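1. from the sequence below, what's the structure:
(chains A and B)
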Amino acid sequence: MAGKIVLSHHNIDFQKQIEKISGEKITSCDQCGVCSGSCPFTDEMEITPSTMMKMSQLGLPEVMEANSIWICASCFNCMARCPRGLDLSKVAEALRQISLRQAVDSITIENIDKEEAARLPSIALVGAFRKLTG
Amino acid sequence: MENDKTETVKIPYFPGCTLKTTAKNFEQSALRSMEKLGVEMVELPKWNCCGTVSSLASDDLMKHLAPVRDFIRVEEMNNTGLVDNEYRMLTLCSMCFNTLKQTNIRVTSSPEDLQSVNQFMYLEKDYEGKVDVTHLFELLDSMGFDTIAERVVRSLDGLKIAPYYGCLLLRPKSVGIDNPENPSIIERFISSLGGSPVMNWEAKSRCCGSYHTVDNKAIVIKSVKGIIENAREFGAETIITSCPLCAFNLDNRQEDIMKEFPDFDPMPVFYFTQLLGLALGLGDEVLGLDDNCIDPRPLLKRSGLYE
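-> As a prediction, the model looks like this:
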């Protein structure tokens, strides 16, 4: 007999929040795994992009604890290849935003080496602060 | 500069922050090369930072204000006669190009968003949606690579050059300047200068690690090492890019790689405009080769392209 996954209100609210910020219909992901195979940084991630999608579909807040959402640098490779036309870059951005909007930064500015900071291109610094601070 | 064959075309030019700081050699080589090709790049008056990375959240239109302000500058340039009916907004930096174009697509495809942005910036004239964000590669392609080939005075004969697209020239598809899976524009550019483009190398559009270079150097080093080694495996002697962040990661981070892997064989990295300028006969003072991290001059000397 087929089982049915029943989501709690809490899970549904979280799932809807991700869909609202990302603008992506995450429930249409088929879990084919092309995103995980295309991501250049899957090796560095605690959960793969497709797992991130599955957990988002189920509205599991634990997805926020994986480093994956912070490793994603929006290279759009998964998006270019997703057969369902989903933009995972937007889903990762939504998950980052959910955290950053609580005013929890994901980078410690004091830890940036001063000599390094002096020679880094401004687009590196502005990019990092836009992506990693709330 | 004198130009004997064609009339000079004036095009609005958006430099972005990095072209004025760590990538001055990119800007200088582009400005002077384009002069040679009959294009005057007219810098936008009072331009502001584009924001570097496009906001991908659906609910923060606020983060698209900066690019729209720059689009208004381009429309003003047309109204004040700085340029004549020229709404192409020329960019060199891949990040600026991508960020500006993503915003342009968003506001020109959503009248509601455009209205909100215009109402918010009530001290500015309304943005009318006329701007066409254009990357220099697209401009060169539209001028015809054959035409550029005719202007080459120092052919890059035999130089094996790997075209590095990175992410933001190609993706998302709606923004990209070529087919995201099988691009050819940079290969055609290289051929027009007489160089040999390295074909079908796997890492040509692989992410270098981008802004992680600020606080997670380790993953950038690993990524860049893979990219350089892949280029070398396919026979490359050098890599060209159009992104100052890719350039920093691919070029400067090789010093970090060498500390960790003493056997690592470094490879020079150029802005594509440095090789364009070289082929068009521009000199050292314009090319700014001193500012490249891995000195490219030994390679150029070996190839008979530098005295």
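2. which residues touch the residue most central in space within chain A?
-> Nearest to the mean C-alpha position of chain A, counting by Cα atoms, centre = their mean, stands A:Ala92 at 2.0 Å. Going by Cβ atoms under 8 Å, 6 or more residues apart in numbering or on different chains, A:Ala92 touches A:49, A:52, A:68-69, A:72, A:74. (Each C-beta comes from the backbone N, C-alpha and C, glycine too.)
3. go again with 7 Å.
-> Going by Cβ atoms under 7 Å, 6 or more residues apart in numbering or on different chains, A:Ala92 touches A:69, A:72.
4. what do you get for B:Leu37?
-> Counting by Cβ under 7 Å, 6+ apart, B:Leu37 makes contact with B:143, B:148, B:151.
5. who wins for most neighbours among the residues you listed?
-> Using other Cβ atoms under 10 Å in any protein chain shown as the neighbour test, the contacts of B:Leu37 are led by B:Ile148, with 21 neighbours.
6. pLDDT value on that residue, please?
-> We have a pLDDT of 97 for B:Ile148.
7. would you agree it is in contact with B:Ser142?
-> No. In this structure, B:Ile148 is not within contact of B:Ser142 by Cβ atoms under 7 Å, at 11.2 Å.
8. can you map out the helices along the stretch 201-307 of chain B?
-> With DSSP state H, counting those that start in this stretch, the ranges of helices along the stretch 201-307 of chain B come out as B:217-233, B:244-247, B:253-260, B:272-279, B:284-287, B:297-302.
9. dump those to TSV, plus mean neighbour count.
-> Shown next, in TSV, are these (neighbours: other Cβ atoms under 10 Å in any protein chain shown):
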stretch	mean neighbour count
helix B:217-233	19
helix B:244-247	28
helix B:253-260	16
helix B:272-279	26
helix B:284-287	16
helix B:297-302	14
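10. make sure B:Glu40 is indeed in a strand.
-> Yes. Applying DSSP: H, G, I helix; E, B strand; the rest coil, one finds B:Glu40 inside a strand.
11. could you find the closest non-adjacent residue to it?
-> Once flanking residues are discounted, B:Glu40 sits nearest to B:Lys10: 4.8 Å by Cβ to Cβ, 6 or more residues apart in numbering or on different chains.
12. ok so B:Met95 is a strand residue?
-> No. Read with three-state DSSP, B:Met95 is helix and lies in no strand.
13. surely it and B:Leu245 touch.
-> Yes. At 6.2 Å, B:Met95 counts as touching B:Leu245 under the criterion of Cβ under 7 Å.
14. what touches both of these two?
-> By the contact definition Cβ under 7 Å, 6+ apart, B:Met95 and B:Leu245 are jointly contacted by A:Ile123.
15. okay, now the unreliable bits of chain A?
-> A:1 (pLDDT under 70).
16. one more time with 90
-> Residue ranges of chain A with pLDDT under 90: A:1-5, A:103-104, A:109, A:134.
17. chain B contacts on that one?
-> Counting by Cβ under 7 Å from any Cβ of the partner chain, the residues of chain A close to chain B are A:20-23, A:40-41, A:44, A:73-77, A:79-80, A:89-90, A:93-94, A:97, A:107, A:111-112, A:120-128, A:130-131.
18. just the buried subset of those residues, written out for ChimeraX, thanks.
-> Selection of buried members from those for ChimeraX, criterion 16 or more other Cβ atoms under 10 Å in any protein chain shown:
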select /A:21,22,40,41,44,73,74,75,76,77,79,80,89,90,93,94,97,107,120,121,122,123,124,125,126,127,128,130,131
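19. now, which of the residues of chain A next to chain B lie within strands?
-> Assignment to strands by DSSP state E places none of the residues of chain A next to chain B there.
20. so which of the residues of chain A next to chain B are in helices?
-> A:20-22, A:77, A:79-80, A:89-90, A:93-94, A:97, A:122-128, A:130-131 (DSSP state H).
21. check the separation of the first and last residues in stretch A:72-82.
-> End-to-end distance for stretch A:72-82: 16 Å, by Cα to Cα, to the nearest Å.
22. residues touching it, excluding its own?
-> Stretch A:72-82 has contacts (Cβ under 7 Å, 6+ apart) with A:34-35, A:38-40, A:49, A:87-89, A:92-93, B:53, B:56, B:167, B:171-173, B:180, B:207, B:209-212.
23. please repeat the previous calculation with a cut-off of 8 Å.
-> Outside stretch A:72-82, the residues touching it (Cβ under 8 Å, 6+ apart) are A:34-35, A:38-41, A:49, A:86-90, A:92-93, A:131, B:53, B:56, B:167, B:170-173, B:180-181, B:205-207, B:209-212.
24. circling back to that earlier point, can I get the helices of the stretch 201-307 of chain B in a markdown table with distance to B:Trp47 and mean pLDDT?
-> Output for the helices of the stretch 201-307 of chain B, formatted as a markdown table (distance: least, Cβ to Cβ, whole Å; pLDDT from 0 to 100):
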| stretch | distance to B:Trp47 | mean pLDDT |
| --- | --- | --- |
| helix B:217-233 | 29 | 98 |
| helix B:244-247 | 16 | 98 |
| helix B:253-260 | 29 | 97 |
| helix B:272-279 | 19 | 98 |
| helix B:284-287 | 23 | 95 |
| helix B:297-302 | 33 | 97 |
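25. can I get these in TSV including distance to chain A?
-> Shown next, in TSV, are those (distance: least, Cβ to the nearest Cβ, whole Å):
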stretch	distance to chain A
helix B:217-233	5
helix B:244-247	5
helix B:253-260	10
helix B:272-279	16
helix B:284-287	19
helix B:297-302	21
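26. dump those to a markdown table, plus distance to B:Phe14.
-> Output for the helices of the stretch 201-307 of chain B, formatted as a markdown table (distance: least, Cβ to Cβ, whole Å):
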| stretch | distance to B:Phe14 |
| --- | --- |
| helix B:217-233 | 27 |
| helix B:244-247 | 14 |
| helix B:253-260 | 27 |
| helix B:272-279 | 15 |
| helix B:284-287 | 21 |
| helix B:297-302 | 30 |
